[in-house]
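Chemist: With the input below, show me the fold.
(2 chains)
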Number of protein chains: 2
Amino acid sequence: VRTLRELGEQETIRLLTRGAARADVVVGPGDDAAVLRSDPGEDLVATTDALVEGRHFLPAWLTPAERGARLATANLSDLAAMAARPRWALLAIGARGEHEVESLLEFQNGLAAALAPEGAVVVGGNLTAVRSEEWWSLTLLGSAARGRTWTRAGARPGHLLAVTGRPGRAAAGLALARAAESARPDGAAGPAADDEAWRPLLDAWLRPRARVSFALALSPANAVTAAIDISDGLAGDLARLCEPGGVGCDVQAAVLPEDPLLERAAATLGLPVTELRFGPSDDYELLLAIDPMKRHAAERAARETGTPFAFAGRFTDRRGELSLVSADGARQPLSPRGFDHFAGQR
Amino acid sequence: VRTLRELGEQETIRLLTRGAARADVVVGPGDDAAVLRSDPGEDLVATTDALVEGRHFLPAWLTPAERGARLATANLSDLAAMAARPRWALLAIGARGEHEVESLLEFQNGLAAALAPEGAVVVGGNLTAVRSEEWWSLTLLGSAARGRTWTRAGARPGHLLAVTGRPGRAAAGLALARAAESARPDGAAGPAADDEAWRPLLDAWLRPRARVSFALALSPANAVTAAIDISDGLAGDLARLCEPGGVGCDVQAAVLPEDPLLERAAATLGLPVTELRFGPSDDYELLLAIDPMKRHAAERAARETGTPFAFAGRFTDRRGELSLVSADGARQPLSPRGFDHFAGQR
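Modeler: A predicted model of the protein is given here:
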């Protein structure tokens, strides 16, 4: 077992740096910068997201490789929300000198393995020494046919709200893990979370997948008028999707995808299921505004890519107003609470 | 004075996020990702570099705006070493909740002000809460005519070694500041470093400028066969420039640019001037291998952009061998010691 300090910066970087032998990588890792080649008529799409030790993961629950995969997903999900094809990534690391080189390589391997099936490869990075909290910051670059990216702007009254997957499951997984940790102060998985029945909820939290292939399948249909990924929670991200277009949204409780497992978790945790479903939850699912004339194209893309998909409401002209409408027509306001990293420190 | 915690994440991001109204920024900050448009026939060039509190700067010596400018320069210098035109940047921040929003804005303004004259603009970013050391990680994207970037590979025996500026000045500035700090344990600038005569050395360390305009002026001449920026020190970076081509280099002491101020600093500090000049020093100058047939083109680009420039030796077929050759022909080996972030923690 070698630490970063024993191996030294240069040698560690050499181990972290592998060739990226692809036609679209002209110069890969190991030079002052990477040189990348996109196709004529393509726009470049760029995002960045970070993982900080102790804040974004409870260490006992995730291997280094899973942490790497999670960071990849957070970035991939941003590109999915723009309907961009993931291509190139740069990874900046802040690590302590006593960090074991092997676990750093595992992290990078997990990250690379999560990027690869979506078409992206690590082309560069940076390694810096820190004294305390470690961090990983990924910048992911993708491409899209010129002018064909989705944005958050464009939802109009009458457009349909659609959602992939089963939002709220990540929040349920996290809440189950926290409940288990407080029951077992050694930090290991407690009996509740160990239950195999909860596995899909824990996986939604620990091992989320971004909806890249669905977005790329749907993009050519011109059906999507606005898009955002759910990284803070359905209600909070829906509010952000409404804001640029100056619209509101009626969420139809009856047409939301059923999720008996989520309901069972809510009961076990003593929480209202709506809190899990609409509150803070980093599900990395997509929220879409869909042109009602193109609803079948959206359903087809979901079917073809095996993506759980449901229409869940309709945008309205009531600016900024989010409502949950029950089957009998009763309306209740939906509070757009999202996750605030800094409020979490209070 | 508002802290991040008081203002909250969303509002802080709103303040940090300004529009980037340029034809090559299709979607700027505030969406899931930025959408960028390069010209047909251009390659994309990407680099990333970070600044960590307490490691990359002594807080008493730099304002937040100067720290931002320094981070910009570290990245700009990487693009200069590839002869790429800086265009778009993404800034990831790890900040404590008690960080004052104003100083965060100052940092970002300093960064933006250093990027602007070189043609680059911030198009996206990420803000994360940390508990201890703060950090800033910048990814800078540039463009270059297809296949026209410089790389570290390509130096051949007989090619000329050229260097911009006066390497070693950053090391001298840092050493003067450290000497002053140890004399004045309150961390304020001591008498030695306060001396106005040292200002150019302190500026080389605190306020370096990247050689972007020189690189862009020289690029079309096809004179450069290999390039690297000096971020770790002349000898260490020269070793890296020799490695891919399997060459060595004779550095001619007599043709190195004279630097009486550096010599005076070395005497004051009780250090050999060669240690400052060739040892660890983040000068952000360029080391170039130049085709001897094109030496005049290089001199012309230097003249046109007002860049201090000197030929400083010749590459040889003695693989990995760096020598300092004095005026009388005596040779001494040049040790390629660079800066190791992790060794620094020992």
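
Chemist: how close does A:Asp43 sit to B:Trp136?
Modeler: When C-beta to C-beta, to the nearest Å is the yardstick, A:Asp43 and B:Trp136 sit 27 Å from each other. For every residue, glycine as well, the C-beta is placed using N, CA and C.

Chemist: I misspoke; the intended subject was A:Glu66.
Modeler: With C-beta to C-beta as the criterion, A:Glu66 and B:Trp136 are 27 Å apart.

Chemist: Likewise for A:Pro40?
Modeler: A:Pro40 sits 35 Å away from B:Trp136 when distances are taken as C-beta to C-beta.

Chemist: Neighbour count: those two, which is higher?
Modeler: Neighbour comparison, A:Pro40 and B:Trp136: the larger count goes to B:Trp136, with 25 against 8 (by other C-beta atoms under 10 Å in any protein chain shown).

Chemist: Can you give me every residue that contacts that one?
Modeler: B:Ala50, B:Leu51, B:Arg67, B:Gly68, B:Leu71, B:Leu91, B:Ala92, B:Ile93, B:Gly94, B:Phe107 (C-beta atoms under 8 Å, 6 or more residues apart in numbering or on different chains).

Chemist: and A:Leu51, what helix or strand is that in?
Modeler: Secondary-structure assignment from DSSP states H and E places A:Leu51 in strand A:42-52.

Chemist: Specify the angle between that strand and strand B:42-52 in degrees.
Modeler: Interaxial angle, strand A:42-52 versus strand B:42-52 (axes from the mean of the first three to the mean of the last three C-alpha atoms, to 10 degrees): 20 degrees.

Chemist: Off-centre distance for strand A:42-52?
Modeler: The chain centre lies 12 Å from the centre of strand A:42-52; the measure is C-alpha atoms, centre = their mean, to the nearest Å.

Chemist: That one pairs with which strands?
Modeler: Strand A:42-52 has these partner strands in its sheet, going by DSSP bridges: strand A:135-145 (antiparallel), strand B:34-36 (antiparallel).

Chemist: Just give me how far the longest one sits from the chain centre.
Modeler: Yep, that's strand A:135-145 we're talking about. A distance of 13 Å separates the centroid of the chain from that of strand A:135-145, by C-alpha atoms, centre = their mean.

Chemist: Would you mind putting the CA coordinates of that strand into PDB?
Modeler: This file holds the C-alpha atoms of strand A:135-145, laid out as PDB (Å, rounded to 0.1, in the frame of the first residue of the first chain):
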ATOM      1  CA  TRP A 135     -12.500  16.800  -3.100                       C
ATOM      2  CA  TRP A 136     -13.000  15.800  -6.700                       C
ATOM      3  CA  SER A 137     -14.200  18.300  -9.400                       C
ATOM      4  CA  LEU A 138     -15.200  17.000 -12.800                       C
ATOM      5  CA  THR A 139     -15.700  19.000 -15.900                       C
ATOM      6  CA  LEU A 140     -17.600  17.100 -18.600                       C
ATOM      7  CA  LEU A 141     -17.700  18.300 -22.200                       C
ATOM      8  CA  GLY A 142     -20.200  17.000 -24.800                       C
ATOM      9  CA  SER A 143     -21.500  17.800 -28.200                       C
ATOM     10  CA  ALA A 144     -24.800  18.400 -29.900                       C
ATOM     11  CA  ALA A 145     -25.900  19.200 -33.400                       C
END
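
Chemist: how about the following helix or strand past that strand, does it get close to chain B?
Modeler: Where DSSP H and E defines the elements, the next helix or strand beyond strand A:135-145 is strand A:160-164. No - applying C-beta under 8 Å from any C-beta of the partner chain, one finds strand A:160-164 out of contact with chain B, separated by at least 14.4 Å.

Chemist: what sits up against strand A:160-164?
Modeler: Among residues not part of strand A:160-164, those counted as contacts by C-beta under 8 Å, 6+ apart are A:211, A:214, A:230, A:234, A:238, A:249, A:251, A:256-257, A:285-292, A:295, A:298, A:302, A:307-315.

Chemist: Can you give me the pLDDT of A:Gly329?
Modeler: Reported pLDDT at A:Gly329 in the predicted model: 89.

Chemist: just A:His341 next, same as before
Modeler: The predicted structure scores A:His341 at 59 on the pLDDT scale.

Chemist: re the thing from before, let's see if you can find the most crowded of the contacts of B:Trp136.
Modeler: Counting by other C-beta under 10 Å, top hit in those: B:Gly94 with 29 neighbours.

Chemist: these two touch, right, that residue and A:Ala50?
Modeler: Yes - using C-beta atoms under 8 Å, B:Gly94 makes contact with A:Ala50 at a distance of 6.8 Å.

Chemist: which neighbours do those two share?
Modeler: Residues touching both B:Gly94 and A:Ala50 by C-beta under 8 Å, 6+ apart: A:Trp135, B:Thr128.

Chemist: quick one: low-confidence parts of the stretch 101-250 of chain A?
Modeler: For the stretch 101-250 of chain A, applying pLDDT under 70 flags the ranges A:183-194.

Chemist: Now with 50, please.
Modeler: A:189-191 (pLDDT under 50).

Chemist: Flag every residue of it that's near chain B.
Modeler: Going by C-beta under 8 Å from any C-beta, the residues of the stretch 101-250 of chain A near chain B are A:123-133, A:135, A:137, A:139, A:141-142, A:144, A:146-147, A:149, A:151-153, A:227-229.

Chemist: which residues does A:Gly94 contact?
Modeler: By C-beta under 8 Å, 6+ apart, the contact list for A:Gly94 reads A:Thr128, A:Ala129, A:Val130, A:Glu133, A:Glu134, A:Trp135, A:Trp136, B:Ala50, B:Val52, B:Gly94, B:Glu133, B:Trp135.

Chemist: Following element in sequence after the top helix by length along chain A, please.
Modeler: Once chain A is assigned using DSSP state H, the helix that runs over the most residues is helix A:64-80. Elements were assigned by DSSP H and E; along the chain past helix A:64-80, the next helix or strand is strand A:85-95.

Chemist: Show me how far that following strand is from its chain's centre.
Modeler: Averaged C-alpha coordinates place strand A:85-95 at 15 Å from its chain's average position (C-alpha atoms, centre = their mean).

Chemist: Please apply the same query to stretch A:80-100.
Modeler: When C-alpha coordinates are averaged (C-alpha atoms, centre = their mean), stretch A:80-100 and its chain have centres 13 Å apart.

Chemist: residues of it that come out buried?
Modeler: Residues A:80-97, A:99-100 are the ones in stretch A:80-100 that count as buried (16 or more other C-beta atoms under 10 Å in any protein chain shown).
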